[in-house]
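Visitor: Dropping the sequence and predicted coords here.
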Amino acid sequence: MPGGVRFLGNVNLPRLLKIAAGYNQVPDLFDAYNRLCPPVEIPNFLGALSVLLAKGILTNQGRRSGGAEGTTSGSR
C-alpha cells in the first residue's frame, strides 16, 4: 500500500485489494470481505472502497457488454 496505510475504518486495505479483482459486484465483494476478514459495517467498507478508487489504487473496469456498469474489478 502506498504511504503504508493498512486499515481505514477497520477495513484491511491490502486484503480488500487482494480480493477485489475476483468480484464484479460491490455486494458480492462486501460479503466476501466479511467472510475472509473480521466483519465491518457497510459504511466503513464503502468508505474504504471509495478511497481506494479515488486514489487510483483500485480501478473500476465495469463490464464491456451485457452487464451492469459501475462494478468493481481489477487493481493496478
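Guide: Received the coordinates, thanks.

Visitor: the longest helix in the protein is where?
Guide: Counting residues, the longest helix found in the chain (DSSP state H) is helix 42-54.

Visitor: Which strands and helices lie in contact with it?
Guide: Contact analysis of helix 42-54 by 3 or more CB pairs under 8 Å, 6 or more residues apart in numbering; DSSP states H and E lists strand 7-8, strand 11-12, helix 13-20, helix 26-36 as its packing neighbours. Bear in mind the C-beta positions are built from the backbone N, C-alpha and C, glycine included.

Visitor: Pick the most deeply packed of those.
Guide: strand 11-12 (a mean of 20; mean count of other CB atoms under 10 Å).

Visitor: Given that strand, what are its sheet partners and their directions?
Guide: strand 7-8 (antiparallel) (DSSP bridges).

Visitor: outside of the partner strand, which residues touch it?
Guide: Residues outside strand 7-8 that contact it (CB atoms under 8 Å, 6 or more residues apart in numbering) are 13, 44, 47-48, 51.

Visitor: Kindly reformat the residues you listed as CSV and extend each row with pLDDT.
Guide: Formatted as CSV, the contacts of strand 7-8 follow (pLDDT from 0 to 100):
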residue, pLDDT
Leu13, 98
Asn44, 99
Gly47, 98
Ala48, 98
Val51, 97
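
Visitor: The spatially most central residue of the chain: what's it in contact with?
Guide: Central residue of the chain (CA atoms, centre = their mean): Leu49, 4.5 Å from the mean position. The neighbours of Leu49, taking CB under 8 Å, 6+ apart as the test, are 16, 20, 26, 29, 58, 72.

Visitor: which of these lies closest to Cys37?
Guide: If you rank the contacts of Leu49 by distance to Cys37 using CB to CB, Leu16 comes first, at 8.1 Å.

Visitor: For Ile57, give its distance to Phe7.
Guide: To Phe7, Ile57 is 14 Å away according to CB to CB, to the nearest Å.

Visitor: what's the answer for Tyr23, then?
Guide: 20 Å.

Visitor: ok, now Pro14?
Guide: 9 Å.
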